[in-house]
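A.B. asks: Give me a 3D structure for the following:
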Amino acid sequence: MAANELIELKFRLANGSDIGPNKYNSTATVTSLKEKIVAQWPKGINNAPKSVNDIKLINAGRILENNKTLAESRLPLSEVPGGVITMHVVVRQPIADRNCDKSKDDSQKKGGCFCSIL
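C.D. replies: Numbers count the residues shown, from 1 in each chain. You can find the predicted model right below:
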């Protein structure tokens, strides 16, 4: 792959809609792609990511690492000359929210009623 090759990508969201396709330089990092996804996120879709840390990008079954470039991340099977590559976007729930949900679940499990059989 050439150092400054343009790669056409689209990002598939969980509801089946897409962001793109757009062309990106092969030297672009996964983090920069995630920043563009956050900026271009459709307004009507719930569960919007708040930051790049809330997003996972998946290409050909592999989760892409933030610090790698597109050239380093692409797999030979996904290279289609002149074609559009679809990457899947998974939005993770922020860690703070997961901890809050667990504490709510724990409080419901503890309950205020106990039975004793004598």
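A.B. asks: what are the ranges of the helices in this structure?
C.D. replies: Shown for the chain, the helices assigned by DSSP state H span residues 30-40, 70-73, 95-110.
A.B. asks: for stretch 55-62, which positions count as buried?
C.D. replies: Ile55, Lys56, Leu57, Asn59, Ala60 (16 or more other CB atoms under 10 Å). Where C-beta positions appear, they are placed from N, C-alpha and C, glycine not excepted.
A.B. asks: Please tell me how far the last one sits from Lys36.
C.D. replies: Yep, that's Ala60 we're talking about. The gap separating Ala60 from Lys36 is 20 Å, by CB to CB, to the nearest Å.
A.B. asks: quick one: low-confidence parts of the chain?
C.D. replies: 1-3, 74-82, 94-114, 118 (pLDDT under 70).
A.B. asks: 50 instead?
C.D. replies: Low-confidence segments of the chain (pLDDT under 50): 76-78.
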